[in-house]
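S.K.: fold the following for me, if possible:
(chains A, B, C and D)
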Protein chains: 4
Amino acid sequence: MPANRSLKIGLVGTGFMGRTHSNAYQQVQRFFPGEAGVALAAVCSRDGVKAREFARQWGFGSHETDWRRLVEREDIDLIDIASPNDTHAEIAVAAAKAGKMIASEKPLGRTLAESMRMADAADAAGVTSMVWYNYRRVPALALARQMIEEGRLGRIFHSRFKFLQDWTMSSELPQGGAGTWRLDAAVAGSGVTGDLLAHCIDAALWLVGPVSEVSGTAETFIRERVHTQSGKRQAVTAEDASLFLARFANGSLATFEATRFARGHKALFTLEVNGEHGSIAWDLHDLHRLQFFSHDDDGKLRGWRSIHVSDGDHPYMKAWWVPGLQIGYEHTFVHQVADFLAGLRVGEKRVPDFRDGLAVDAVVDAVLRSATSRQWEVVEDVGSTLRHEGAG
Amino acid sequence: MPANRSLKIGLVGTGFMGRTHSNAYQQVQRFFPGEAGVALAAVCSRDGVKAREFARQWGFGSHETDWRRLVEREDIDLIDIASPNDTHAEIAVAAAKAGKMIASEKPLGRTLAESMRMADAADAAGVTSMVWYNYRRVPALALARQMIEEGRLGRIFHSRFKFLQDWTMSSELPQGGAGTWRLDAAVAGSGVTGDLLAHCIDAALWLVGPVSEVSGTAETFIRERVHTQSGKRQAVTAEDASLFLARFANGSLATFEATRFARGHKALFTLEVNGEHGSIAWDLHDLHRLQFFSHDDDGKLRGWRSIHVSDGDHPYMKAWWVPGLQIGYEHTFVHQVADFLAGLRVGEKRVPDFRDGLAVDAVVDAVLRSATSRQWEVVEDVGSTLRHEGAG
Amino acid sequence: MPANRSLKIGLVGTGFMGRTHSNAYQQVQRFFPGEAGVALAAVCSRDGVKAREFARQWGFGSHETDWRRLVEREDIDLIDIASPNDTHAEIAVAAAKAGKMIASEKPLGRTLAESMRMADAADAAGVTSMVWYNYRRVPALALARQMIEEGRLGRIFHSRFKFLQDWTMSSELPQGGAGTWRLDAAVAGSGVTGDLLAHCIDAALWLVGPVSEVSGTAETFIRERVHTQSGKRQAVTAEDASLFLARFANGSLATFEATRFARGHKALFTLEVNGEHGSIAWDLHDLHRLQFFSHDDDGKLRGWRSIHVSDGDHPYMKAWWVPGLQIGYEHTFVHQVADFLAGLRVGEKRVPDFRDGLAVDAVVDAVLRSATSRQWEVVEDVGSTLRHEGAG
Amino acid sequence: MPANRSLKIGLVGTGFMGRTHSNAYQQVQRFFPGEAGVALAAVCSRDGVKAREFARQWGFGSHETDWRRLVEREDIDLIDIASPNDTHAEIAVAAAKAGKMIASEKPLGRTLAESMRMADAADAAGVTSMVWYNYRRVPALALARQMIEEGRLGRIFHSRFKFLQDWTMSSELPQGGAGTWRLDAAVAGSGVTGDLLAHCIDAALWLVGPVSEVSGTAETFIRERVHTQSGKRQAVTAEDASLFLARFANGSLATFEATRFARGHKALFTLEVNGEHGSIAWDLHDLHRLQFFSHDDDGKLRGWRSIHVSDGDHPYMKAWWVPGLQIGYEHTFVHQVADFLAGLRVGEKRVPDFRDGLAVDAVVDAVLRSATSRQWEVVEDVGSTLRHEGAG
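M.R.: The predicted model follows:
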């Protein structure tokens, strides 16, 4: 792509993720003016009225109602897939064949097999891919990654990851439909494992390294819910809770847990990593803070530091306001686009691609296998290069 | 203004506040689509290159290098003043005379007399005015205001307000110039009193009510700094620290403190209000949280609640993402524009106007008088109606 | 035992636990004057000088150097075992045969078989027993228990328990000897599983209910250490870290983790329980606080409450100072003695007895089995009545 | 006093403070065995039954009902005054004349004149005195003091002190009597100024240095309460709230506030000190933690550290348990006795004496004067040597 022109985006999906991506494309041009521009070429939704309205509100130049039409359009460089999980593989494979760059929401496919088809298609076509593991772009987590790279934690012994929610605890909540397709495994592939644990696993692979084997268990607490399509009570096929123990290639141990039945937690994604020289901890409810313990501090003055990651020398923060003024959730998507554009500019991988997404999905797959087999399961080697991209 | 057309903005200033306002005008259209549109008509900076570049980056249709020219333009509805304090009064008075709506950064003028000229000019011309006390639009503070209106705190006995920074502690930092005009009282009017305490005072007037009298003291710790214009060491005329005790019309007491010499605090604006039935507390470093103590809770289970103000039933939050996902500093400006537009639509005052800004400046004036007289000083009655606007 | 005379204590062990127990016997008389007195009859240590000095410092009337002698003494009502784990079973069985009441530090024995011998001996002799699971007597945890009993959490879905330390991370630390016998499985039975996880498991059984099955893993990071007895490097036989997933009889799921390789944590025992109506969380580093989330709170005002458990209507706190003034670690032992004495007075079980200790050890046993078998293991039914004692 | 014998204590008062002192005398012997012993010789209360019962419970050898009798007893070395404020001066002066060492609760007298009589009497008689400013012995505050002495904060610019309570907010609460004599200025001398602010002032003098001048205000929110003696509603003479601004001799500024009308706070004594190189903060509700910000930390990793002051190299903590296990309120009194005994042993002042107490009372006096004069008031020079004692 010539440096002097904008990247033309074709977005599939007008839901929650459609909004976060669209905002990112708009804001990256204001706050990262050094990168190439982004042109919001077209948005696609099966509902034409919705598509037109979304295009108007978010500044897309046109709209489509069939993703196949979008993929065919010559004036589009990148197909961004923000529709439900059961559409990812088909769209991605078609986009790859059409020679488009592809961005996909996570998880890639509903199954490891689907995910592999997506990654293989991108590789076969030689197109650039990206998976939206946006939390890597939280400045505090990017700083955590820097610190680990700099050796400030030393050998890692332990880590723990949780993603706790409580929004599905009411038995009145249906399954299926716009807001609740995540409770239907036919659409989503799995429940919290692919939805929430996937974020935990991505962070673990990025910060700690490859996972060797896992022992997991899963549970569906409310076993029947009305399905919005049939209007009848049907078995819930997606798990409400998923927990596992992990052993990493570097010999460290971890606990992972995701659930939608943890009363009092809205979106509490938390992680902690304990190393020889220090530890870090973080949670999404106060995402601009990184907790850091340094064993190198003067003995009697050791304590966990709460770093307010909002200074100019913190990842991404120079682009925003002044020290002490926090940014939020949506900014992680802006950062991912900025890094993607920077990667295109310099010809380097700067964001997680489909191979990285596949590596996450391989752990998801092992967790779900273990929950059934009731034994430890080895994580399949999916050829992820784990080329760790830079941050900030 | 007809409901079916956009509000055309002419912005003066391309610094920190120029960016926050511009972002607000852009984002309000994506996230509050129910309000009238905003057209970024023109931006003005004395530096033509800077003006053109800013216009391009932020989407302004044109640029000017003389604010007088901006004020004269027929195609502009509202003049937004985001330039240093010594320019506010002159521009505002001219804009009022030209029949424009006016938005001004705070404080209004460098002195109470200047502020009065601005408020009187707006009133005389019958134009709508707004002052950017953006922190009222932090969702947690808007919720605090709702709670006080609902009587959840009952009679108020105490409050305390602080704004702590440490960015000027190095004696190497000069005064004057782009980043440091706030240290030069000739430009800024005062130091931390008008800059930081003004935010505290506005929150106090909004949450607690009118201040009757104050006893204050101020200090400049580093008394000489190189001035960027002269290149020589000159006396620093703006105070580094300003503290005062206050008595409110409702009989409650408060402490106020602002300083740029509080090591470890970047922008720690904090407040706490203690009432008969409950208390609330908040700080800008974790702006999405409101601390709330309810004496009405079951006796043995009483405790301070940390409310993560990110739900759909919290002020402004329905417009953004999903529960648990936080927004940041810049969003307060978006909310203020949204409320301003809603006010125009329904013909109500929904945001602080020049009379409200003047009420803040009257307290600032009393504090500075008291720091000199070393006695309690009565706050001048400036005819603020204190018509408290709605929030969220 | 007649109500009008003191309970005569014979203590075995003069280490860390010898001190905590002795302090409890002294303090219970000052702060719980309504209970029967306690007479510190004798203390026993193999080292006669140490025994005499300890007796003088802590107010024991006499000392012994052979625990058999102590068990035989007619003037002693209760044998309190605070010596290393490899002595528990033998002393307890002898004390039971001698008709003494018995208090034992936890875990009961080094193996489930040893623990069973202890519980069976106490039952066979019909003597009153007690195991020092002191953390049940932290006022905040006693309050948590009350809240669960009152139904404030409703059906429980999740819990998580951790006990994190970092004191053995140096490879220079030896094994064996006074401070480090816990690293030698021949003395301790196991590593962190019996030492730290046992506290987590006791809290889980007490707060959540019986555990059905577990899947665990364990690790020894530093595999050889100098043994203080041989002076040579020897294999470390006790595990440094132990993690497991649990399924409870009530259908809830949990993660458990204990380690001595979590940099930055000294004694971070933490727990969280998530129920249908609410959640509670607690940690030992701020033991006087209970975090509580109530879904019954007014929707927009929901948040985690930090309850400072120091009021007169909080468990045990009436006996101490005034609201807001915290107590500490040692007080949990005082409370356990107070409850034990109250139980004797009214003829009720008020503290965990050997059957309760055995129930913990059965989970420990299943965890260690699972760590070897790499499968889920069922927790053995040891006939614990789980008669839950009252608190406070 | 010969090194080989115990210090014989005669205690006046059997209320809250009588208990804290008695516990300290008991516990110092268990936990600081290296110091001289303490003999609880006699306790005095006007109520003979109460005196006898208190003596039995706390281990005093005898009891008295007239403090004059206690002062006369030859077998007593130290008179400890823990009775209401209106008794301090008379007892102290008599004890000094009798050649006894004297310990007094704070404030010394009801007025600065009374306090001066006490300090002068001790000096004239050449007897050792001590005032119970126990909070200096919180390990976290002793550590803060060490850090300031070591220069870790550098030049101090700001400090702030608060003591917030809410226990008198009900208008049903009477004045006078056992629990509420603090609301009667005839007994207490003043309200929160002498009761709560005195602790703040002592900490300020100890950590920051001498106060030069103050500007204060005070308020009584509930102006009439039933008096327990008359049974009638009477004017409340003690202030509910007291706030002041201070300027220190070192040029730093501070805010102080004490109130019993801050809903949600039980005993929230907090302080923060901001210096050139770092800052510290602390509060009584989590007394074992010290917050520390070091500007010397690596730039991007700066943050407030939460130091859990429970390690062996922290002040006083070696005497207690193991790292991570916290102590509480009562321990501050134990530490003060330990330091007092150590001071006697080595012939050095190690705890605050009457001159130090007088220095606090001089600030209290200036605050109350300023609240009336509505001007800044200079703090009287009372000849306090401010010989800062060591800690820990």
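
S.K.: helix, strand or coil: sort out residue A:53 for me.
M.R.: Recorded secondary structure, residue A:53: helix (DSSP: H, G, I helix; E, B strand; the rest coil).

S.K.: average model confidence for stretch A:8-18?
M.R.: On average, the pLDDT along stretch A:8-18 is 97.

S.K.: now do that stretch: distance to the chain's middle.
M.R.: In terms of C-alpha atoms, centre = their mean, to the nearest Å, the centre of stretch A:8-18 is found 15 Å from the chain centre.

S.K.: and that stretch, what's buried?
M.R.: A:8-15, A:17-18 (16 or more other C-beta atoms under 10 Å in any protein chain shown). To be clear about C-beta, it is placed using only N, CA and C from the backbone, and glycine gets the same treatment.

S.K.: give me the contacts around that stretch.
M.R.: Residues from elsewhere that reach stretch A:8-18 (C-beta atoms under 8 Å, 6 or more residues apart in numbering or on different chains): A:21-22, A:25, A:38-45, A:47, A:50-51, A:54, A:60, A:64, A:67, A:70-71, A:73, A:75-84, A:87, A:91, A:100, A:105, A:132, A:178, B:321-322.

S.K.: ok, so of the buried residues of stretch A:8-18, who is nearest residue A:165?
M.R.: When the buried residues of stretch A:8-18 are compared for distance to residue A:165 (C-beta to C-beta), residue A:17 wins out at 16.6 Å.

S.K.: and that closest one, which helix or strand is it part of?
M.R.: helix A:16-31 (DSSP states H and E).

S.K.: on the C-terminal side of that helix, identify the next helix or strand.
M.R.: Taking DSSP H and E, what comes next after helix A:16-31 is strand A:38-44.

S.K.: do that next one and chain B meet at all?
M.R.: No - using C-beta under 8 Å from any C-beta of the partner chain, strand A:38-44 stays clear of chain B, with a minimum separation of 11.5 Å.

S.K.: next, the buried residues of the helix or strand of chain A with the lowest mean pLDDT.
M.R.: Using mean pLDDT, DSSP states H and E, the weakest-scoring helix or strand in chain A turns out to be helix A:177-180, at a mean of 80. For helix A:177-180, the neighbour count (16+ other C-beta under 10 Å) marks residue A:180 as buried.

S.K.: what about it and chain B, touching?
M.R.: No - when contact is scored as C-beta under 8 Å from any C-beta, no part of helix A:177-180 falls within range of chain B; the minimum is 9.5 Å.

S.K.: CA atoms of the helix ranked longest in chain A as CSV?
M.R.: Longest helix in chain A, counting residues (DSSP state H): helix A:354-373. These are the backbone C-alpha positions of helix A:354-373, laid out as CSV (Å, rounded to 0.1, in the frame of the first residue of the first chain):
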residue,chain,number,x,y,z
PHE,A,354,-4.2,-14.8,13.0
ARG,A,355,-1.3,-17.2,14.1
ASP,A,356,-1.4,-15.5,17.5
GLY,A,357,-5.2,-15.8,17.6
LEU,A,358,-4.8,-19.5,16.7
ALA,A,359,-2.4,-20.0,19.6
VAL,A,360,-5.1,-18.7,22.0
ASP,A,361,-7.7,-20.9,20.4
ALA,A,362,-5.4,-24.0,20.8
VAL,A,363,-5.4,-23.4,24.6
VAL,A,364,-9.2,-22.8,24.5
ASP,A,365,-9.5,-26.2,22.7
ALA,A,366,-7.3,-28.0,25.3
VAL,A,367,-9.3,-26.5,28.2
LEU,A,368,-12.6,-27.7,26.7
ARG,A,369,-11.2,-31.1,26.0
SER,A,370,-9.9,-31.4,29.6
ALA,A,371,-13.3,-30.3,31.0
THR,A,372,-14.7,-33.4,29.2
SER,A,373,-11.8,-35.9,29.7
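
S.K.: elements contacting it?
M.R.: strand A:101-104, helix A:112-125, strand A:129-131, helix A:198-207, strand A:211-219, strand A:241-248, strand A:377-378 (3 or more C-beta pairs under 8 Å, 6 or more residues apart in numbering or on different chains; DSSP states H and E).

S.K.: between helix A:198-207 and it, find me the angle.
M.R.: 120 degrees (axes from the mean of the first three to the mean of the last three C-alpha atoms, to 10 degrees).

S.K.: I'd like the average pLDDT over helix A:354-373.
M.R.: 97.

S.K.: isn't residue A:224 up against residue A:183?
M.R.: No - counting by C-beta atoms under 8 Å, residue A:183 is not a contact partner of residue A:224; they are 11.2 Å apart.

S.K.: so the two - more neighbours on which side?
M.R.: It is residue A:183, of residue A:224 and residue A:183, that has more neighbours when counted by other C-beta atoms under 10 Å in any protein chain shown, with 28 against 13.

S.K.: now the nearest residue in space to that one that is not next to it in sequence: how far from chain B?
M.R.: Using C-beta to C-beta, 6 or more residues apart in numbering or on different chains and skipping the chain neighbours, the partner closest in space to residue A:183 is residue A:175 (3.9 Å). Here the criterion is C-beta to the nearest C-beta, to the nearest Å. By it, residue A:175 lies 18 Å from chain B.

S.K.: give me the neighbour count for residue A:175.
M.R.: Residue A:175: 28 neighbours (other C-beta under 10 Å).

S.K.: show me what from the stretch 151-300 of chain A comes close to chain B.
M.R.: A:165, A:167, A:265-268, A:284-289.

S.K.: rewinding a little: list the backbone torsions phi and psi for the residue nearest to residue A:183.
M.R.: When read as degrees, to the nearest 10, the backbone of residue A:175 gives phi -110, psi 160.

S.K.: what does residue A:276 give?
M.R.: phi -60, psi -40.

S.K.: contacting residues for the nearest residue to it once chain neighbours are set aside?
M.R.: Nearest residue to residue A:276, sequence neighbours excluded (C-beta to C-beta, 6+ apart): residue A:154, at 3.3 Å. Applying C-beta under 8 Å, 6+ apart to residue A:154 gives the contacts A:275-278.

S.K.: how about CSV for those residues, with pLDDT and secondary structure added?
M.R.: Shown next, in CSV, are the contacts of residue A:154 (pLDDT from 0 to 100; DSSP: H, G, I helix; E, B strand; the rest coil):
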residue, pLDDT, secondary structure
A:275, 98, strand
A:276, 98, coil
A:277, 98, coil
A:278, 98, strand
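
S.K.: for PyMOL, write a command that selects the buried ones of the residues you listed.
M.R.: The buried subset of these, as determined by 16+ other C-beta under 10 Å, is captured in PyMOL by this line:
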select buried, chain A and resi 275+276+278
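
S.K.: farthest pair in the contacts of residue A:154?
M.R.: Between any two of the contacts of residue A:154 (C-beta to C-beta), the greatest distance is 8.0 Å, for A:276 and A:278.
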